[in-house]
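>>> Sharing a sequence plus its predicted fold:
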Amino acid sequence: MSEDITVNVLIADAWLECIDGVVSGLRAAGLRDITVLAEVGLVQGVAREDALANLEQVPGVSAVERSREVRVLPPGSEPR
């Protein structure tokens, strides 16, 4: 069984004016819990790992990447 992962989807510049249609396509391809940052052409959401290829095929999608978690230590903390 495929696991859920958080992904960042970059929207091609030529498609920014119709980003709502691209988001609809992403939803149909399996993306959920969607956050749209239209100003920068980025959509973030959760999908099954086996749906990544479907997300990449949606018209207007430039790239699909797994989201990475970055942790910053509090000031004065020692790295482990």
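The structure has been received and is ready for your questions.

>>> what does the biggest helix by length in the chain rub up against?
The longest helix of the chain (DSSP state H) is helix 19-28. With Cβ atoms under 8 Å, 6 or more residues apart in numbering as the contact definition, helix 19-28 has outside contacts at 9, 11, 15, 34, 36, 38, 41, 43, 45, 55, 58-61. Placement of C-beta: from N, CA and C, glycine included.

>>> how about T6, what does it touch?
T6 makes contacts with Q44, G45, V46, R66, S67, as judged by Cβ under 8 Å, 6+ apart.

>>> Does the second one touch V9 like I think?
Okay, so that is G45. Yes - between G45 and V9 a contact is recorded at 7.3 Å, counting by Cβ atoms under 8 Å.

>>> what residues do these two have in common as contacts?
Common neighbours of G45 and V9 are listed as L26, L31 (criterion: Cβ under 8 Å, 6+ apart).

>>> For those two, indicate the residue with more neighbours.
Between G45 and V9, counting by other Cβ atoms under 10 Å, V9 is the more crowded of the two (26 against 21).

>>> Tell me who's in contact with that one.
By Cβ under 8 Å, 6+ apart, the contact set of V9 is L26, L31, L42, V43, Q44, G45, L55, V61, A63, V64.
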